[in-house]
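Engineer: 3D, please:
(chains A, B, C and D)
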Amino acid sequence: MARHIVNIVVIWVVLTVLGALVLTLDYLPVIGAEYSEEFDGIFRLLAFMGLPVLTFVFAWVGYSFFAFRQRTGESEGPAWWGRNWVPIAWLAVTASLAITVMIYPGLTGLAKLQADPRGYGWGETGADLVVKVTGFRWSWAFEYPEQGITVNAVQGRELVLPVDATVRFEVNSTDVVHSFWIPAFRMKIDAIPGRTTYMVVKPVATGSYAEDQAFRAQCAELCGLDHSKMVLPVRVVEREEFEAWVQQMKAQ
Amino acid sequence: MSIFKVGWFVAVALAVLTVVEYIFAAEMADATARFLGLTLSAGTKAGLIMWFFMHLPRVWRGEEVH
Amino acid sequence: MYALISIASGVASGLIGFYVGVGLTALVRVAFGHSPWDAQISITVGYIFGLVGWLMGIGMWGAWGREWFGLPTYARKAPGWQRYFVFNSDHKVIGIQYLVTFVVVFLLAGLLAMVMRAELAQAGNQFLSNDQYNAVMGLHGILMIAVAVAAVIGGIGNYAVPLMIGAQDMAFPRLNALTYWLNPPVALLLLLTPALGGLETGWTAYPPLSVLTENAQLLFNLAIITFGLTSILGGLNFIATIIFLRAPGMTWGRLPIFVWSMFVASWLALLFTQGFAAALLMVLLDRAFGMSFFNAEAGGDPLLYQHVFWFYSHPAVYIMVVPGFGLALELITHFSRKPLFAYKYAVGGLLGILGLSGLVWAHHMFTSGMPNYLHGPFLALTEAISIPTGLIFLSALGTLFMGRLWLKTPMLFAMAVIFNFALGGVTGIFLADVPTDIHLHDTYFVVAHFHYTIVGGEIFALFGAIYYYFPKMTGRMYNETLGKLHFWWMFLGFNVTFFLMHWPGILGMNRRIADYPSSLEGVNLIISIAAFALGASFLVFVYNMVVSWVRGPVAEANPWRARTLEWQTSSPPPIENFPAPPVVRGHPYEYGVPGAVHAIVPTPMPGGAPAGGAK
Amino acid sequence: MAATATSLPIAEHAHPDPVHLKRVGLWLFFFSESILFGLFLSARFFLEGIEAEHLDQALGLGITIVLLLSSVTAYTAETAIEHDRRGIAIWGLIGTILLGLVFAAGVGVEWSTAEFSRHEAFGTVFFSMTGLHASHVVSGIVLLVLALIQLLRGRFNSKDHWPISGVVMYWHFVDVVWVFYYPALYLVQGV
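Structural biologist: Prediction:
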């Protein structure tokens, strides 16, 4: 029996190491905003925490498959009922794992996100730029109230944001539920008719849809016929370029 | 008519509670207190109906021999 | 003939009922000065009358309805295979009816998945327009949900539970027949949806879209409210059966684990299914009467739907997966030839899931803009549900260890459940965690996650149970080689398809889309190819089942040497299951205990000594 | 183990009292139904800021008392048949049906005189909740009529009266629902 346990542990460790090597690969999308780094960190942390749990089950089931098989079904195993310390230890370990994940990175990460008192938004309280987002079937409209411009699928055809500025999106919908999502920023908030929802991001790198398709404003909540086409490109530019773009839009 | 006695007692209790409920709702100014009071009264009435009229205890005591 | 008469009279009186309903609606509407026809109201009323007509015609009038008027009842007696087409109250017949129906639905919905994967193999629209894709996707979703809810509970549960507890039938046999015969109209309505514009909203039917969209939505609502009714009545029946009809000596501590899981799933169905009905009823009222539950301009709130809907639809995944757990543990213990490890903890785990499942629904709404204070509690409770789930793993892993694993096809499927659900459970952590869920919500990561839990956790268990009970149900043995071929083919196809699906999700491919950014093309092509392989594996299954049922070798009463009661009667069992109730003497899983006896079965069966196969 | 067919103890199948089984089944059904009613009740409070608009308070109180009264007559009918008092049972059922019809008519009057429309939020919850409840009242009346017909034709006695007990339980359940719906629609304001 001890031999079997040792074997399983060895397989477990090997699988975990192999899995950890896979997890070090670059499988996450481009980093576009401050929160992207936070997300990537939490994602990787959870992946590394989940990996041993996963490989434990894989090692155990896989090893049992090869080591304990019999041909005819005639012999019977030892009559173990598990009425000893094992279940209690298991319960203690799994419960403490669950509670750990619950607190960190769960609740602590949530607290960070909700630090902004103005609602669902998170990040810094003040915003350098406010963009009013309106979802409708099947496109987006972005209004820059301070700049006095509006872009949509006809006019401008892309959402342009300055780098290193905190942007607060105020999201609305005129008809059905949509969801405003920019994969590069790892942020998403539903657009609900009749209420305004908020999403605060701080782009940290320039980039555009042409270079990386994670820079796009995508509808993530099924909204009918052309849901899959409800996409507008996003371009993050330097401050000066942004000002120039605003002037250019105004001129139009 | 003794077999119907329980029914009439419950009926009177329900009627009294309903009228009390109505007056209480008309007089009570505080919305939260009114909500709580009405919940309490409705719960009591529902309990009375279920216990006596719907014979809830028969669920665990089994059918009584008449 | 009997079968034909039964179905024909059901269809005929259903149609008559429908037209009577439409006619009455027209009369009332004209009397109040409206036009005689209003699609929403006329179809709804017609459907209700038609449903009653169908049920009465199929045989409920004779077997049940006459009683309400004080008339003597009768049942259509149909010989042989024809008994599957009449209003039959034998739980074994109903179980097989459910199983065959829902396996057919499963294969149909699987074909729809193949259509979707063909479209998604490349970016851009190749085969389907956007609305066709939405219709296919919505239908795939709701049909698979129906399969997942009903196939194990209705099929395996109906067949096995009364046998396992030593009962003659369910507590309410006629109600049981009713729950089955409510299903054909549901299937009909859902399959008619493409004719009325197709489902645009997916199976979740979020308003306001579901209020504004085509009349296919109306059929969907009526179908699912009916389907919810079957789920509720089925759950009610199982609870009463398990509480009251256990054989003498079958204490709660000796109940087979699958029966425990059915008990838990039945409570879940009874309590929560009304949520789906209520949500869709509200949509129906908004559509038919212009009410404003979800119309924000008139004071409604679209989030109301999401709360009510997920109040059902999260517990629904436990309705699906808890019987899957039960089956997996049941099969693992029989085929490991070892007692179920930590039986009481496994039962506690199931009950823990029952307790927590109603308190986690809003983790589907982390990005919905609901109030901030709701996020924390739902995050914590959702993570907490991994603790009772972990006990199921303890039981499974503990039973496997040092067992004498008899690797027949059912055992392979049961071990695959544990394997798959481990991955489905771990990815669940990412989705329960608000900071990661905000990006992953509504992406293919979610698609991969719930296919791992529901398909990997329940559908694999379903197929294991089909192979396990095949000799009991048909009296014939399936082909073991083909069974193992099916398993490995399906297992590999499934894991490649859905494991890879996590990645486009992380990269930003959202779900329910006919088209996606071109940069995700490569991985989607591989997923599509793997999905076709997965789909093809079911050809092996169908061939094996059909051929074995018709001319497989005759099976013995207890080919698996299992100790539970269903194997102590003949294969297939007689109508009354056991001539007199078995007397239960011990635990059903006392493998490796010399001289242990689970139960004593009164009549000597061919090859059946005392139950538990004491040697 | 040498247990053979001859030495087996003969046990009876678990045959619980069929009436008891049906009673528990009906309770389970009520349990499930109460969630449906409860969700509509929650919807009434979820839609924030709905003020209860003008309702005819006298009518509301009146139909509430009528419904409670019908529960008493239903109880009387059930108790009577349990003691083989057929005459009282018949009149109890007739009284329940009539009071039920009065209640339904009262709801109809309320609907036709309401000063708000079903298109606005309060109208939505008011009409859907009372409509859902009224549909149960109407089906309850149909069931009561079916039971009454059989009673008049001479069926039922103290040994065999489950259909009456079941229908009466259903009727009480409809009453219990109204016990919660009445204050939620008529009396609670500004919550």
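
Engineer: Okay, strands next: where are they in chain C?
Structural biologist: Taking DSSP state E to define them, one finds strands in chain C at C:405-406, C:583-584, C:599-600.

Engineer: Can you tell me the strand partners of the second one and which way each runs?
Structural biologist: In the sheet containing strand C:583-584, the strands it pairs with under DSSP bridges are strand C:599-600 (antiparallel).

Engineer: What's the first helix or strand after the top helix by length along chain B?
Structural biologist: Longest among the helix segments of chain B by residue count, using DSSP state H, is helix B:5-27. Next in sequence after helix B:5-27, counting helices and strands by DSSP states H and E, comes helix B:31-48.

Engineer: Could you identify the helix or strand that succeeds that next one?
Structural biologist: Assigned by DSSP H and E, the successor of helix B:31-48 is helix B:58-61.

Engineer: Please report phi then psi for C:Leu359.
Structural biologist: Main-chain torsions, C:Leu359, degrees, to the nearest 10: phi -120, psi 20.

Engineer: what's the spacing between the closest residue in space to it that isn't next to it in sequence and A:Ala98?
Structural biologist: Leaving aside its sequence neighbours, C:Leu359 sits nearest to C:Leu381 (C-beta to C-beta, 6 or more residues apart in numbering or on different chains; 4.9 Å). (Each C-beta comes from the backbone N, C-alpha and C, glycine too.) Distance, C:Leu381 to A:Ala98, by C-beta to C-beta, to the nearest Å: 11 Å.

Engineer: Point out where the chain drops to low pLDDT.
Structural biologist: No chain was given, so I picked chain A. Along chain A, the parts satisfying pLDDT under 70 run over A:116-125.

Engineer: ah, I was thinking of chain D
Structural biologist: Using pLDDT under 70, chain D drops low at D:1-15, D:48-53, D:190-191.

Engineer: Closest residue of it to chain C?
Structural biologist: D:Ala121 (2.9 Å; C-beta to the nearest C-beta).

Engineer: Surely that residue is in contact with D:Leu47?
Structural biologist: Yes: using C-beta atoms under 8 Å, D:Ala121 is in contact with D:Leu47, at 5.3 Å.

Engineer: Do a quick rundown of the helices in chain D.
Structural biologist: Using DSSP H, the helices of chain D run over D:18-46, D:57-82, D:86-113, D:121-152, D:162-182.

Engineer: Would you mind finding the most buried of the ones you listed?
Structural biologist: The highest mean neighbour count among those, using mean count of other C-beta atoms under 10 Å in any protein chain shown, belongs to helix D:162-182: a mean of 24.

Engineer: Just the angle for that one relative to helix D:57-82, thanks.
Structural biologist: Between helix D:162-182 and helix D:57-82, the angle comes out at 160 degrees (axes from the mean of the first three to the mean of the last three C-alpha atoms, to 10 degrees).

Engineer: Give me the helices and strands touching helix D:162-182, please.
Structural biologist: Judged by 3 or more C-beta pairs under 8 Å, 6 or more residues apart in numbering or on different chains; DSSP states H and E, the packing partners of helix D:162-182 are helix B:31-48, helix D:18-46, helix D:57-82, helix D:86-113, helix D:121-152.

Engineer: I'd guessed D:Thr113 sits against D:Asp56; true?
Structural biologist: Yes: at 6.7 Å, D:Thr113 and D:Asp56 qualify as touching, with contact defined as C-beta under 8 Å.
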